[in-house]
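Trainee: what's the 3D shape of this:
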Amino acid sequence: MAKDNKATFAQLSDILLMAFTFGYRMDQTFPSSGGVAFVNVSSIESDVIEEYARLVLYRHPEINTENALWQKVQEYADAGIEEIYTMVVLQNKPFNIDSFIDE
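Mentor: Numbers count the residues shown, from 1 in each chain. You can find the predicted model right below:
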């Protein structure tokens, strides 16, 4: 999806941003499995990193390490991916961004 269709996602970090946005918007996280993140933080633009940090710390001011911050970013992204997967694959519905915005 990211590598085959550059018009949709130029890089994997774009998918992370989209998935994080949906998870954050729904205020849902998916527990970490302890696996390796599919996006290297160094591949994300600094202004985007700052925005992730700002949003996560707004809801979770108790986070005090960079690792904990990125784990929470991944948990929001995993929840976003799970929601998209449920909608498109399990429910066989077309992807509809309005369903995320209207919640």
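
Trainee: mind checking pLDDT for the residue of the chain most remote from its centre?
Mentor: Note on the chain: the largest C-alpha distance from the chain mean falls to residue 92, namely 21.5 Å (C-alpha atoms, centre = their mean). What the model reports for residue 92 is a pLDDT of 87.

Trainee: secondary structure class for it?
Mentor: Using DSSP: H, G, I helix; E, B strand; the rest coil, the structure places residue 92 in coil.

Trainee: with residue 32 instead?
Mentor: Reducing the assignment at residue 32 to three states with three-state DSSP gives coil.

Trainee: if I look at it, how far off is residue 75?
Mentor: Residue 32 sits at a distance of 6 Å from residue 75 (criterion: C-beta to C-beta, to the nearest Å). All C-beta spots, glycine's among them, are computed from the backbone N, C-alpha and C.

Trainee: same drill for these two, tell me which one is more crowded.
Mentor: Each of residue 32 and residue 75 has its neighbours counted (other C-beta atoms under 10 Å); residue 75 has more, 18 against 12.

Trainee: so what's the more buried one closest to, chain neighbours aside?
Mentor: residue 29 (3.8 Å; C-beta to C-beta, 6 or more residues apart in numbering).

Trainee: state which helix of this protein is the longest.
Mentor: Ranked by residue count, the top helix of the chain under DSSP state H comes out as helix 66-85.

Trainee: on that earlier part again, the residue nearest to residue 75: which element?
Mentor: Secondary-structure assignment from DSSP states H and E places residue 29 in no helical or strand segment.

Trainee: sorry, back to before: could you export the longest helix of the chain as PDB, CA atoms only?
Mentor: What follows is helix 66-85, C-alpha atoms only, in PDB (Å, rounded to 0.1, in the frame of the first residue of the first chain):
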ATOM      1  CA  GLU A  66      10.800   9.100  25.000                       C
ATOM      2  CA  ASN A  67      10.200   5.300  24.800                       C
ATOM      3  CA  ALA A  68       7.000   5.500  26.700                       C
ATOM      4  CA  LEU A  69       5.900   8.400  24.500                       C
ATOM      5  CA  TRP A  70       6.500   6.400  21.300                       C
ATOM      6  CA  GLN A  71       4.900   3.300  22.700                       C
ATOM      7  CA  LYS A  72       1.700   5.400  23.300                       C
ATOM      8  CA  VAL A  73       1.900   6.800  19.700                       C
ATOM      9  CA  GLN A  74       2.100   3.200  18.500                       C
ATOM     10  CA  GLU A  75      -0.800   2.100  20.700                       C
ATOM     11  CA  TYR A  76      -3.000   4.900  19.200                       C
ATOM     12  CA  ALA A  77      -1.900   4.000  15.700                       C
ATOM     13  CA  ASP A  78      -2.600   0.300  16.400                       C
ATOM     14  CA  ALA A  79      -6.100   1.200  17.500                       C
ATOM     15  CA  GLY A  80      -6.600   3.200  14.300                       C
ATOM     16  CA  ILE A  81      -5.400   0.300  12.100                       C
ATOM     17  CA  GLU A  82      -7.700  -2.000  14.000                       C
ATOM     18  CA  GLU A  83     -10.700   0.200  13.400                       C
ATOM     19  CA  ILE A  84      -9.900   0.500   9.700                       C
ATOM     20  CA  TYR A  85      -9.400  -3.200   9.400                       C
END
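
Trainee: please consider this matter closed, and thank you.
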